[in-house]
Structure formats: C-alpha cells, structure tokens
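> Need the 3D shape of this:
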Amino acid sequence: MSRPDPHAMPRRLRILVWHVHGNYLYSLTHAPHDFYVPQSDDGRPGYGALGRKIPWGANVHPVPASQVRDLALDAVIYQSGHNLADAPALLSAAQRRLPCAYIEHNPAAPLAAETVHPFRHERGLLVHVTPYNAVMWDCGGMPQRVIEHGLPDPGLLYRGELARGIVVVNHLMRRGRRVGADLYADAAAQVPLDLIGMGSEEAGGLGEVPNMKVAACMARYRFFFSPVRYASLGLSLVEAMLCGVPVVGFAATELPCVITSGRDGYVDTRPRRLHDVMRQLLEEPALAREWGLAGRSTALRRFSLDRFVSDWNRALAMLTETS
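The predicted model follows:
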C-alpha cells in the first residue's frame, strides 16, 4: 500500500499573503497552493518586489495592490500590524470575511507577557513560530497554534575551515540590546567573529549575503553564535544547524529548548562561559564537527520542510473546512 502524501489537501487554495519575511515566505510557498503577493512601488512595508534572490515557484503570483480586491481568494494570511491596517483599503468586504491566519514571528513587545495581540477575527487563527512566542503573548482568547520553522535541507555542507565564528543578525545596531548588540561586541573582543546581515557594516560586519548563499557562507565557519536576548528563533540559526554548523548561543527565548549543551551545541546565560566554549571549538575542530552533526540531526527531525508544510496544510484545512 502506498503511503499517503503528507502534503495532500482536498483542494488547492488561493491565498493572499504579504511579502514580509522572504525566507519564511519561500518555505511557506512550498505548500501546494497558489499564493498571491500584493506589489506596490510606494515603499510600503510588505509590498516590495519579490526579486530574483529567491527561486520562487510557479505557484507564487505577484499582483498589483490595486487589483487585489478583484481576486477570487480562499484565505488570507497576515504577517504584521501593517497588513491588518491596510486590509480595509486593500481588500473587499467579502475578502475581509474570509478565513485567515496571522503569522506572529516575534515574542510579545514591548512588555513581555503583558502585551495583548492585535489580531481579532471571527474566522481567524493566530500562528506562532515558536512555543515560547505563544506563551509570551496575551492572545485574548483567539484560537492559536504553533507551527515551528521548516527549511529545505541544504545538504551536509559543513567544512569549518575558518577558525572563526559567524553571527547572522539583520540591523544589529538599530535593534540593539534586544538582539544582543552588546553581547556580540563583548564576544567579538574575546574571540574572532564575523557578522553578516542587513546593516551589519554599521557594526564592522561583512554586509548582507544573498539569501541562497547564506548556507554556503556559514558552512565555512567553525561555529554559529547567537547573541539574541529577546526575539524569535532565527531562520539563519536553523539553517546553520541543517548545515552541520555547531551553535553557541545566549540561552534565551526558544533556544534552550532547541540546543542541548554539550551534545548538539552550547547555550548559557553567562557570557564568559560562552566565550570559553567558543575558544574550545576553535581549538578542537573535531568537537565542533561532532556537535554540528548532532545539531543537524536535531534540525532534520524538528525543522524539516515536510513537517512544516504538513502543519500548514492541517491549519489551512481547519480554517477553510476542507478537512
């Protein structure tokens, strides 16, 4: 007997979604549906051109924002407060009543555990990308579920020939202590680190690396360092694990439930201890490879693209009552 297709849905859906997080959207659009992405040249967040940095599939359809209200849709996926604010002008009244999901990519801010989430909809589902995020928001009784990240497997790329650590954070200086700008600076004064990401030049980094080249870039480094204090679990960290790059990180948000210290990486809230572990990995490449292989196994089990697509299909089936 043939095994059931984990990606199967009773019908193919037509879904409106904004271009908010490119790498996340790329994974989401591996689901077997048609995704319509509003476009505008006025610089508004979420309406930028899809571009060629990511190999979008044929099921991803850019559409002028002015034509969105004419689309025949089955569901809407919001990803930011800007999306919610734009909905009355962008969508028809019938489209605004459609089943919808709101993907919350971050934990509650500015007040952890005390901030009420703005999403409210009679046919809505609030989707969190980590269990930690879910418990930090006051969701006001909205139905919610966790769908953890999923990424394509880049293959076992780890080489680790650069006796340095790699840090991947966008706009580190602008976002400051929340993403560990000070912890990064302290660590960089103790061990050799390179920083990549948007705006990383402001902190002496190497600049932005194209989306599809980040994995190969990270695979050259001995370890991945996450200085993040309070943000979501970064896709780049998951990608590093999939590449077999060992992760050393500040033990905050979801990370302590992903990495087991001494087995597939190392997490701690004591910066000096993290610096010591980084030095150890620089001096012991065999240990770095061992932890990286274990981390890759963890990531393949927890963050596979198949699991991610299956989770989203179940959520969409529930929303659209096609299960």
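
> For the rest of this, base every contact and every neighbour count on C-alpha atoms.
Will do.

> Please enumerate the strands of the protein.
Here the chain has its strands, by DSSP state E, at 14-17, 34-39, 60-64, 75-78, 100-104, 124-128, 144-146, 162-168, 193-196, 221-226, 247-250, 265-268.

> by contact count, what packs against the fifth one?
The helices and strands touching strand 100-104, judged by 3 or more CA pairs under 8 Å, 6 or more residues apart in numbering; DSSP states H and E, are strand 75-78, strand 124-128.

> Name the residues that touch that strand?
For strand 100-104, contacts defined as CA atoms under 8 Å, 6 or more residues apart in numbering pick out 75-80, 119, 121, 123-129, 319.

> Taking strand 124-128 as reference, get the angle to it.
Between strand 100-104 and strand 124-128, the angle comes out at 20 degrees (axes from the mean of the first three to the mean of the last three CA atoms, to 10 degrees).

> Show me what counts as buried in strand 100-104.
C100, A101, Y102, I103, E104 (16 or more other CA atoms under 10 Å).

> again with stretch 277-292
Residues of stretch 277-292 classed as buried by neighbour count (16+ other CA under 10 Å): V277, M278, R279, L281, L282, P285, L287, A288, R289, E290, W291, G292.

> and what of stretch 92-100?
Using 16+ other CA under 10 Å as the test for burial, stretch 92-100 gives Q95, R96, L98, P99, C100.

> tell me which of those is nearest to G140?
Checking these against G140 by CA to CA gives C100 as the nearest, at 16.8 Å.

> Can you give me the pLDDT of the closest one?
The confidence metric pLDDT takes the value 98 at C100.

> any chance you could map the helices in the stretch 51-200 of the chain?
81-90, 93-96, 131-136, 172-175, 181-188 (DSSP state H, counting those that start in this stretch).

> so what does the third one touch, helix or strand wise?
It stands for helix 131-136. strand 144-146.

> Each with direction, which strands does the strand it packs on pair with?
strand 124-128 (parallel) (DSSP bridges).
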